[in-house]
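Peer 1: show me the folded form of this:
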Amino acid sequence: MIRPRVLVTSTDMMQPGIELLKKTCEVLLCPVPELTREEISAGYPGPVQSREDLLGHLKNSCPIDGIVWSNKVRCDAEMLDLAGPSLKAIVTMSSGFDHMDVDEIRRRGIQVGRSPFALDAAVAEVGVMLALSASRRAHEGRLMIERGQWESRPQWLLGHGLKGATVGIVGLGGIGRGILKRLSNFEVERFLYTGRSRKPADDEFGAKFVLLDDLLRQSDFVFVTCALTNETRQLFDAEAFAKMKRTVVLVNVARGPIVDHSALIQALRHGTIFAAGLDVTDPEPLPASSELLQVPNAVITPHMGSCTVKARADISVLAAQSLLLALSGEPMPYPL
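Peer 2: Residues are numbered from 1 along each chain as shown. Purely as a prediction, here's the structure:
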């Protein structure tokens, strides 16, 4: 029996998923290039697989029956042309899919799916961490320690707490529900959410479905957990910030381009909003020279929301299972 040939676009995929694929498939791995000695000396942050690297691997790997897309290089017509006509299915090892040209993939009759929920708990935890760090001015406090400006007086470095607050969630999917669940023990006064439709979770935790404008005006904390689409791109712009409370904390654990970063910087510098916690930025990686890094009331992490051993292992298995189902003629659990 001929074993299906499956390409994994990055050797960074966790071993449990790779081992599952190897049981029934011939697995091809696209290695992530190692840094040169000069790049290490220059302080490069780590090896990155470029689009050109992946194009080269695709060209040399045909025929391919399936692909686990385990990086954020864009999957488009050029990639699909090189993958060849035998390609039957692609699964992105992520919940988001803005890096996938879904229409083009479908047009070619290729099944395409994503891997949601496996990362939700880990990302929700980082969302809560960012909310607490930003609202309690953790980054500003660290800067003051480094500058020798530690003070001991009653009104020094005052922030805002979650007790009695109104929390708004934009996009109540798996991550949004995870944040709602984790904050339910923080004595939050009200939970609001907005999106395309009401969700059953509003009954479980007493969350109320409202229009976006109402959420922006009423919330003390705003969590961005929606998908990046044409409708949500730069949803948070100067006009949106002007509607918010001056004491609000914005947390984005979704996608960087949902927030207009130029408008965000101005809102933070001028006190239009109190603080922001960002695990995602635009662009990524964020340049070391970015003005956003100079704003003391912004807490920024490097898109590490899903960076736990368990979460990454779980998503590797989910992606592998989805691809194996597609290759055996069964429907994917989370098709696009």
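
Peer 1: ok, now which ones touch the closest residue to Pro296 other than its chain neighbours?
Peer 2: Distances taken as CB to CB, 6 or more residues apart in numbering place Glu140 nearest to Pro296, at 4.8 Å, with adjacent residues excluded. Backbone N, C-alpha and C define where each C-beta goes, glycine included. When contacts are counted by CB atoms under 8 Å, 6 or more residues apart in numbering, Glu140 is found next to Leu157, Pro296, Asn297.

Peer 1: okay, Glu140: pLDDT?
Peer 2: Looking at Glu140, its pLDDT stands at 96.

Peer 1: for Ser133, see how far away it is.
Peer 2: Distance, Glu140 to Ser133, using CB to CB, to the nearest Å: 10 Å.

Peer 1: SS state for Gly168?
Peer 2: Here Gly168 takes the strand state, with states given by DSSP: H, G, I helix; E, B strand; the rest coil.

Peer 1: okay, and the beta partners of it?
Peer 2: Note on Gly168: beta-bridge partners Leu192, Val222, judged by DSSP bridges.

Peer 1: surely it touches Leu216?
Peer 2: Yes - at 7.3 Å, Gly168 counts as touching Leu216 under the criterion of CB atoms under 8 Å.

Peer 1: which one's more surrounded, those two?
Peer 2: Neighbours were counted for Gly168 and for Leu216 using other CB atoms under 10 Å; Gly168 has more, 28 against 24.

Peer 1: residue contacts, that one?
Peer 2: Gly168 sits next to Phe191, Leu192, Tyr193, Thr194, Leu215, Leu216, Gln218, Ser219, Phe221, Val222, Phe223 when contact means CB under 8 Å, 6+ apart.

Peer 1: what do you get if the cut-off is 6 Å, keeping everything else the same?
Peer 2: Residues in contact with Gly168 (CB atoms under 6 Å, 6 or more residues apart in numbering) are Leu192, Leu215, Ser219, Val222.

Peer 1: try Gly195
Peer 2: Applying CB under 6 Å, 6+ apart, one finds that Gly195 lies in contact with Gly171, Leu172.

Peer 1: when you give positions from now on, start the count at 12
Peer 2: Okay, using 12 as the starting number, the last item reads as Gly206.

Peer 1: roughly how far does it sit from Leu194?
Peer 2: Using CB to CB, which is the criterion applied here, Gly206 is 18 Å from Leu194.

Peer 1: got the CA positions of stretch 154-174 in PDB?
Peer 2: Output in PDB follows, covering the C-alpha atoms of stretch 154-174 (Å, rounded to 0.1, in the frame of the first residue of the first chain):
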ATOM      1  CA  LEU A 154      11.100  51.300  34.500                       C
ATOM      2  CA  MET A 155      11.000  53.300  37.700                       C
ATOM      3  CA  ILE A 156      13.000  50.700  39.500                       C
ATOM      4  CA  GLU A 157      15.700  50.800  36.800                       C
ATOM      5  CA  ARG A 158      15.800  54.600  37.000                       C
ATOM      6  CA  GLY A 159      16.100  54.600  40.700                       C
ATOM      7  CA  GLN A 160      12.700  56.300  41.100                       C
ATOM      8  CA  TRP A 161      11.000  53.900  43.500                       C
ATOM      9  CA  GLU A 162       8.800  55.900  45.800                       C
ATOM     10  CA  SER A 163       6.800  55.100  48.900                       C
ATOM     11  CA  ARG A 164       3.700  57.300  49.200                       C
ATOM     12  CA  PRO A 165      -0.100  56.500  49.200                       C
ATOM     13  CA  GLN A 166      -0.800  57.700  45.600                       C
ATOM     14  CA  TRP A 167       2.200  56.600  43.800                       C
ATOM     15  CA  LEU A 168       1.800  54.400  40.700                       C
ATOM     16  CA  LEU A 169      -1.900  53.900  41.100                       C
ATOM     17  CA  GLY A 170      -3.700  51.700  38.600                       C
ATOM     18  CA  HIS A 171      -7.100  50.100  38.100                       C
ATOM     19  CA  GLY A 172      -8.400  46.800  39.300                       C
ATOM     20  CA  LEU A 173     -10.900  44.200  38.000                       C
ATOM     21  CA  LYS A 174     -13.100  44.200  41.100                       C
END
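
Peer 1: so when I look at Ala337, I'm seeing a helix, right?
Peer 2: Yes - according to three-state DSSP, Ala337 belongs to a helix.

Peer 1: count the residues that sit near it.
Peer 2: Under the neighbour criterion other CB under 10 Å, Ala337 is assigned a count of 23.

Peer 1: contacting residues for it?
Peer 2: With CB under 6 Å, 6+ apart as the criterion, the residues that contact Ala337 are Ala100, Gln122, Met343.

Peer 1: ok so, going back, neighbour-wise, give me the winner out of the contacts of Glu151.
Peer 2: For these, counting by other CB under 10 Å, the largest number of neighbours falls to Asn308: 19 neighbours.

Peer 1: you'd agree it is up against Gly288?
Peer 2: No - because the distance of 9.9 Å does not satisfy CB atoms under 6 Å, Asn308 is recorded as not touching Gly288.
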